[in-house]
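In: sequence? don't have it. structure:
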């Protein structure tokens, strides 16, 4: 199935626009599909790859910004009665990409789409899933409420920072995991090494152990505390990494500070090499520079968040989540169980 029309992501005036999808002059009017995939501006490359795996092109949508900096959205083809999937990571600039997602969902609802599924590879505000002090919001819950109120019928996400976020939605949530894909990458390239799979904190032990069961090796746990947001102190480590390649497994890399501290500790405890695997490469601030100067030899992340413009690092490699997301979309559209993708 091939989607019609064109899609534009960019600004109305003073900025380059990026066009993708079909041109209506080429495809002709009146073409309609039972399923369409649309993309916001957060990660159009991932959306295009998903559509390619599904054997279709992206649906036509104008997603841009007015001169007054308000977000502009217009769906450029008929979606009446169509099963629609909107691919939009809510990564930086987080608030802008959330607003794009909300407006796209609302536009599709008002255009009589049969069902709207929000495919959110990276869910912003996920670290704010509880109150850590008085008079604070539960921001992750508020974002969930906004998405539901906008009209989403279903959510597809990858490695939510806190599993409790699934319960914030009163609609179905398909919570996919990146561990199988990253583990396959590590196993294919480091199968001849003796590995130690490391959880960077106590909350990630289950994730690290699942990774260990896929690639083999020993399990180690780093204990840390957070005296304030985005600041972590590494305290101690449980497990033996001496003479082994240590693989740190986490769900995201933000500033990179905690990762580097853990890597230094692992090397001081006798690890011969340190590799990091994290689903979401936020890489905020000067994280890339910190990683480049560190003892870490390789950082494996996924393309749920695109690398920033001009970011080049010989240490960072991205593996694609498009095949997994495309299969999830296909199963949801055809009412096939998605459970098999969770293992």
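Out: All right, it came through fine. This one's a predicted model, so the numbers in the text were calculated from it and none came from an experiment. Numbers count the residues shown, from 1 in each chain.
In: pLDDT weak spots in the chain?
Out: 1-33, 225-235, 309-310 (pLDDT under 70).
In: which one's the longest helix in it?
Out: Longest helix in the chain, counting residues (DSSP state H): helix 94-110.
In: any chance you could list what contacts the helix or strand just after it?
Out: Going down the chain from helix 94-110, the next helix or strand is strand 115-120, by DSSP states H and E. Strand 115-120 has contacts (CB atoms under 8 Å, 6 or more residues apart in numbering) with 50, 83-90, 101, 105, 108-109, 147, 151-157, 325, 328-329, 332. C-beta coordinates here come from the backbone N, C-alpha and C atoms, glycine included.
In: all strands for the stretch 1-150 of the chain, in order.
Out: Per DSSP state E, counting those that start in this stretch, the stretch 1-150 of the chain carries strands over the ranges 6-9, 18-21, 35-39, 61-65, 71-75, 83-87, 115-120.
In: next, format these as TSV and append distance to residue 186.
Out: Conversion of the strands of the stretch 1-150 of the chain to TSV gives the following (distance: least, CB to CB, whole Å):
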stretch	distance to residue 186
strand 6-9	33
strand 18-21	32
strand 35-39	30
strand 61-65	36
strand 71-75	39
strand 83-87	26
strand 115-120	26
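In: with mean neighbour count and distance to residue 320 as extra columns, can I get these in a markdown table?
Out: Formatted as a markdown table, the strands of the stretch 1-150 of the chain follow (neighbours: other CB atoms under 10 Å; distance: least, CB to CB, whole Å):
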| stretch | mean neighbour count | distance to residue 320 |
| --- | --- | --- |
| strand 6-9 | 22 | 20 |
| strand 18-21 | 17 | 17 |
| strand 35-39 | 27 | 15 |
| strand 61-65 | 22 | 22 |
| strand 71-75 | 18 | 27 |
| strand 83-87 | 26 | 13 |
| strand 115-120 | 25 | 14 |
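In: and residue 290, which of these is closest to it?
Out: Among these, the nearest to residue 290 by CB to CB is strand 115-120 (27.4 Å).
In: tell me how this structure divides into domains.
Out: According to automatic domain parsing, the chain comprises the domains 6-177+323-342, 179-319.
In: could you give the angle of the longest helix of the chain to strand 35-39?
Out: When axes from the mean of the first three to the mean of the last three CA atoms, to 10 degrees is applied, the directions of helix 94-110 and strand 35-39 differ by 150 degrees.
In: list the buried residues of helix 94-110.
Out: Neighbour-count burial for helix 94-110 flags 94, 96-109 (criterion: 16 or more other CB atoms under 10 Å).
In: identify, from the residues you listed, the entry nearest to residue 210.
Out: When the buried residues of helix 94-110 are ranked by distance to residue 210 (CB to CB), residue 94 comes first, at 28.0 Å.
In: next up, the contacts around the closest one.
Out: Counting by CB under 8 Å, 6+ apart, residue 94 touches 124, 125.
In: now do 10 Å
Out: Contact analysis of residue 94 by CB atoms under 10 Å, 6 or more residues apart in numbering lists 42, 122, 124, 125, 143, 282.
In: dump these to JSON lines, plus distance to residue 212.
Out: Formatted as JSON lines, these follow (distance: CB to CB, whole Å):
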{"residue": "42", "distance to residue 212": "32"}
{"residue": "122", "distance to residue 212": "25"}
{"residue": "124", "distance to residue 212": "29"}
{"residue": "125", "distance to residue 212": "30"}
{"residue": "143", "distance to residue 212": "32"}
{"residue": "282", "distance to residue 212": "24"}
